[in-house]
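Student: Next come a sequence and a model predicted from it.
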Amino acid sequence: MAPRIVLLHATADGSTTGIADRIGEVLERAGCTVHGRRLDEGAPADPVELAHADAVVVGSAVHDMAWLPPALAALRDLAALDPPPPLWCFSVGGVQPHGPLTRALAAQEVRRVERGFPAGLRPRDHRLFGGIVRFAGLPLWGRLFYRFVAGGRPGDHRDWAAVEAWAGTVATAPAASPSPGDGPAARPRPGAR
Ligand SMILES: Cc1cc2nc3c(=O)[nH]c(=O)nc-3n(C[C@H](O)[C@H](O)[C@H](O)COP(=O)(O)O)c2cc1C
């Protein structure tokens, strides 16, 4: 049977939706059955879909070094499953990693973002992609950091080749096989939803 992948994402301005759509296309081309859901429109993750998934991919725009609340809520739903299905995560931020500095910034940002994840829920992989950056609405520190540290400019920084390559690794991973992150350490902590 085709692997069932639940693909969840939360966006504030739309660029994460484009990336989620592209990931879904790659997974479907690879023979997976994909159940996609946008979390920021009020509908939470479907618990039945999650419970029957061979793997779950969750992505979110990054605001202030953290995922958007609907994506974090989906992670709490996953953490409450025993055992949680294999999980892949992607973040969409202002920096598309392409050189040593931006790769180091991306790795640091991924670690910061994961501090907000439920304890014990370990993704098999968590990748940061660049999204569409608009300076309007960005706090001043964010503009300064982005301009002078990351060397970035406003605009569409989505690297479709990187997105497709990553989706390909998800599609070819043995989704249903156990991983170190799926064992007892991944059991829900008390109080997890
Ligand atoms: C209020 C705000 C805060 C942001 N904070 C961060 C951040 O901490 N790190 C980062 O890499 N990008 C940050 N960004 C940039 C967004 O993550 C980026 O524009 C992304 O493409 C947004 O995705 P979306 O279009 O799906 O909402 C921020 C953007 C806004 C508007």
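Tutor: That came in fine, so what should we check first?
Student: who's in contact with the helix or strand of the chain with the lowest mean pLDDT?
Tutor: Lowest mean confidence among the helices and strands of the chain (mean pLDDT, DSSP states H and E): helix 140-144, at a mean of 79. With CB atoms under 8 Å, 6 or more residues apart in numbering as the test, helix 140-144 has contacts from 94, 135. In this view, the C-beta of every residue, glycine as well, is placed from N, C-alpha and C.
Student: Torsion angles phi and psi at V92?
Tutor: V92 adopts backbone torsions of phi -120, psi 120, taken as degrees, to the nearest 10.
Student: show me the contacts for it.
Tutor: Counting by CB under 8 Å, 6+ apart, V92 touches 11, 15-16, 19, 59-62, 128-131.
Student: following the biggest strand by length in the chain, which helix or strand comes up?
Tutor: Assignment by DSSP state E gives strand 55-63 as the longest strand of the chain. Tracing the chain C-terminally past strand 55-63 and defining elements by DSSP states H and E, one meets strand 66-67 next.
Student: Would you check how far apart whatever residue of the chain ends up closest to the ligand and A45 are?
Tutor: Nearest to the ligand, among the residues of the chain, is G131, at 2.0 Å (CB to the nearest ligand atom). G131 sits 22 Å away from A45, taking CB to CB, to the nearest Å as the criterion.
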